[in-house]
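Asks: Predicted coordinates and the sequence they were generated for:
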Amino acid sequence: MNLIKQPILAISIFLSVTATAQNKVVLHAGQAKDTINKNIYGHFAEHLGHCIYGGLYVGDNNKKIPNKDGIRLDVIAALKKLKVPVLRWPGGCFADTYHWKDGVGPKDQRPSMLNVWWGNVKEDNSFGTNEFLNMCEVLGAEPYLSGNVGSGTPQELADWVKYTTHPAGSSPMPELREKSGRQNPWNVRFWGLGNEAWGCGGNMTVEYYANVYRQYATFMTDWNNSDKLYRIASGASDDDYHWTEVLMKQLPPKMFDALGLHHYSVIDWAKKGSSEAFTETEYFTTMQRALQMEELVTKHSAIMDKYDPQKTKALAVDEWGGWYDVAQGTNEAFLFQQNTMRDAMIAGTTLNTFNNHCDRVKMANLAQIINVLQAVILTDEEKMVLTPTYHVMEMYNVHQNALMLPLTVSSTDYILGDKKLPAVSASASKDKNGVVHLSLVNIDANKEQKITVNLGDIKTSNMNGRILSSPKIQDHNTFEKPENITPKAFNKVKLNGNEMEVTLPPFSVVVLAFG
């Protein structure tokens, strides 16, 4: 989690601002060739605040909150509707202090640990590898395990691979798994080798980390990677393009599958501002930071293209989202924040960027899934609320594994003082049934946007849509009013031949379905 850089916005190469101040989206269905990997819609769960304990997990003996094996049933139901494809765990900064063997076996025999990164909280290790991987099976999500490279050893990581992937009785680690109550392996595919090696993962230089990575990757599997592991290197923070360049140069292609990238939408690391009582100026700055994702993905991808023109290696944006000051009266180390329509704007525009760059971006993980940072779910004891970000990701899950339809966006400006941003963001795809989905976002805090959409060769006779909007940008769902903001049917569309006119209210997200 980056606590250092403040990015400067660069306008998307996909966006052009017309002299006639007209919003226009042109679909180029004939140029479609890339699939939007469902893992772009991934999530991230860290041992931080009440993400795990009190969020996902309430304990086996909890009689107040309905659960199965300690996992909240209401949370499971909500996440299933979200279609979570992949879940990253156990960190984050926590990952490079976590020793997985302390979290297996009988719970009353597991040693406790001190969570030094997030409030010096004592944890009892009751939620460990088995609990996480079993939960992923229930969710239908693939696990993404972040290995301890900072304070661990190659042997420890290699043992974790064997524990989770090797068949029963084949070695001591599967035998340990059986003693811990699980006979068959989970066949974990995604592995991160350290987290933020440039920061809390060891404060390494990229040149040093490249050698450490090669060492750990060597002992995770055999010569031919017969375990079929998908290895993800700890990637750059924001615009550290040197980090990406060195890793692409120094990591043997057969030893890695993806590079990470972390970017948060932060106003100022020293004064991040309130998550709910913010000004339009603060909102505008947050969106500057969010829209910089386009520049970051474009430039990191260009470096990767030099060494991997066939795009066999992926860019995994495995931490992203809005980051503000913690909610008033909460523990500063727990990073609990409210989630407003501002966060819906971050989610909609960022996911559009990932969709449009699906030739290189194959995974992304929103930070974080429950009760931390830009969460999709908030809980308080037995209460649970779905946030505006949840609703955007649910609306957008129609893009998962669909064919990305290239498009061109001409946008008017959202102007505040002497600064301006493109008001309109978009992405489109066609699913296996031939249905086209078009996602549109208007980030302007004050003005509606009329958008002309040219469908090209796409024929349509029926159309439906959903919208997420609210009277104020600061609006959010609360435990008292959990459905203050929910998706509604949308019909402000006029169809005329191969063109449609769509009217988006201020700060709104719309997903249209037609075909």
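Replies: Structure received. Numbers count the residues shown, from 1 in each chain.
Asks: And the strands in the stretch 201-350 of the chain?
Replies: Using DSSP state E, counting those that start in this stretch, the strands found in the stretch 201-350 of the chain span residues 230-237, 258-265, 314-322.
Asks: show me the biggest helix of this structure in terms of residues.
Replies: Ranked by number of residues, the top helix in the chain under DSSP state H is helix 280-307.
Asks: Can you point out the buried residues in it?
Replies: 282-298, 300-301, 303-304 (16 or more other Cβ atoms under 10 Å). For the C-beta atoms, the positions are set from N, CA and C on the backbone; glycine is no exception.
Asks: same for it, what does it pack against?
Replies: helix 241-250, strand 258-265, strand 314-322, helix 341-356, strand 413-416, strand 419-422 (3 or more Cβ pairs under 8 Å, 6 or more residues apart in numbering; DSSP states H and E).
Asks: Point out the most buried one among the strands of the stretch 201-350 of the chain.
Replies: strand 314-322 (a mean of 27; mean count of other Cβ atoms under 10 Å).
Asks: Can you work out which other helices and strands pack against that one?
Replies: strand 42-44, strand 230-237, strand 258-265, helix 280-307, helix 341-356, strand 361-367.
Asks: quick one: strands adjacent to it?
Replies: Sheet pairing of strand 314-322 (DSSP bridges) gives strand 258-265 (parallel), strand 361-367 (parallel).
Asks: How many residues are close by Ile451?
Replies: 26 (other Cβ atoms under 10 Å).
Asks: Name the SS class of it, please.
Replies: Secondary structure for Ile451, judged by DSSP: H, G, I helix; E, B strand; the rest coil, is strand.
Asks: Please apply the same query to Val372.
Replies: Per three-state DSSP, the local secondary structure of Val372 is coil.
Asks: pretty sure it contacts His47?
Replies: No - between Val372 and His47 there is no contact under Cβ atoms under 8 Å: 10.1 Å.
Asks: and Leu157, what is it in contact with?
Replies: 147-149, 193, 216, 219-220 (Cβ atoms under 8 Å, 6 or more residues apart in numbering).
Asks: average pLDDT for the host helix or strand of it?
Replies: Assigned by DSSP states H and E, Leu157 falls within helix 154-165. Helix 154-165 carries an average pLDDT of 98.
Asks: One more: stretch 455-468?
Replies: Averaging pLDDT along stretch 455-468 gives 91.
Asks: got the CA coordinates for stretch 251-263 in CSV?
Replies: In CSV, the C-alpha atoms belonging to stretch 251-263 read as follows (Å, rounded to 0.1, in the frame of the first residue of the first chain):
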residue,chain,number,x,y,z
LEU,A,251,13.3,-12.1,-14.7
PRO,A,252,13.5,-15.1,-16.9
PRO,A,253,10.3,-15.4,-18.9
LYS,A,254,9.7,-19.0,-17.7
MET,A,255,9.8,-17.9,-14.1
PHE,A,256,7.0,-15.4,-14.0
ASP,A,257,3.5,-14.8,-15.4
ALA,A,258,2.6,-11.3,-14.3
LEU,A,259,3.9,-8.1,-12.7
GLY,A,260,1.9,-6.3,-10.1
LEU,A,261,1.0,-2.6,-9.9
HIS,A,262,-0.4,-0.6,-7.0
HIS,A,263,-2.2,2.7,-7.3
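Asks: re earlier: in TSV: the helices and strands packed on helix 280-307, plus mean pLDDT and distance to Gln368.
Replies: Formatted as TSV, those follow (pLDDT from 0 to 100; distance: least, Cβ to Cβ, whole Å):
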stretch	mean pLDDT	distance to Gln368
helix 241-250	98	23
strand 258-265	98	11
strand 314-322	98	8
helix 341-356	98	13
strand 413-416	98	28
strand 419-422	98	26
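Asks: could I get those as TSV with distance to Asp457?
Replies: Putting those into TSV (distance: least, Cβ to Cβ, whole Å) gives the following:
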stretch	distance to Asp457
helix 241-250	37
strand 258-265	34
strand 314-322	30
helix 341-356	20
strand 413-416	30
strand 419-422	26
